[in-house]
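Participant: Pasting the sequence and the predicted model now:
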Amino acid sequence: MKEKIKHLYANKGMRYFIYAVGVLLVLSITFQAGIFVGYHKANFARGWGENYEKNFGMHKPGSFKGMMRGDRLPSAHGVSGKVLSVSLPNFVVEDLDGIEKSVTIKNDTIIKQAMEKISSENIKAGSYVVVLGDPSDNGQIDAKLVRVMASSTRMYDGKRGMMMFER
């Protein structure tokens, strides 16, 4: 059996065929991963849009600015910006583009200010936070980590450069 495999592999044409099949397999797996990520990001954006009024109440003028032009979909796995309102276990954050996102604090959510763990009661309207988490089906972010920022913190938004948050 080993001899037959060695003989097949010794054939130059067969060797190229095996390499080509391997490359096609890797490319198709990479393509499927891209489809998977894109589907979940689009699904979050759909849920976010469908549940906007439920999550945030009234429509805020200009909150869809940028999204409708197709610049980008809302980030499903986190947000950074100013806390607009707090109704624990939920709070609303306005990101650097002016888009409001609803965040849910779970029992296993880690909340920190600098290196210190703090309780969710320390999250106040007007404070600045960075949230990392998972998207939920209703368009909210289930927080895994919430970091309450210092009174003057620089944040990078990718378009306008560094922005200074001031309290």
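Facilitator: Perfect, thanks for sending it.

Participant: CA atoms for contacts and neighbours, from now on please.
Facilitator: Fine.

Participant: For the helix or strand Met14 falls within, name the packing helices and strands.
Facilitator: Assigning secondary structure by DSSP states H and E places Met14 in helix 12-50. Using 3 or more Cα pairs under 8 Å, 6 or more residues apart in numbering; DSSP states H and E as the contact criterion, the neighbours of helix 12-50 among helices and strands are helix 2-10.

Participant: Specify the angle between the helix it packs on and helix 12-50 in degrees.
Facilitator: For helix 2-10 against helix 12-50, the angle by axes from the mean of the first three to the mean of the last three Cα atoms, to 10 degrees is 80 degrees.

Participant: follow-up on the earlier one: what residues sit buried inside the helix holding Met14?
Facilitator: Judged by neighbour count (16 or more other Cα atoms under 10 Å), helix 12-50 contains these buried residues: 41, 43-49.

Participant: And the furthest pair within those?
Facilitator: With Cα to Cα as the measure, no two of these lie farther apart than Lys41 and Gly49, at 12.5 Å.

Participant: The host helix or strand of Ile105 - which strands sit beside it in the sheet, and in what orientation?
Facilitator: Ile105 is part of strand 100-113 when elements are defined by DSSP H and E. When pairing is defined by DSSP bridges, strand 100-113 lines up against strand 90-95 (antiparallel), strand 116-117 (antiparallel), strand 141-148 (parallel).

Participant: Take those and lay them out in a markdown table including mean neighbour count, mean pLDDT and distance to Thr109.
Facilitator: Compiled in a markdown table, these are given as follows (neighbours: other Cα atoms under 10 Å; pLDDT from 0 to 100; distance: least, Cα to Cα, whole Å):
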| stretch | mean neighbour count | mean pLDDT | distance to Thr109 |
| --- | --- | --- | --- |
| strand 90-95 | 21 | 91 | 12 |
| strand 116-117 | 10 | 92 | 11 |
| strand 141-148 | 22 | 93 | 5 |
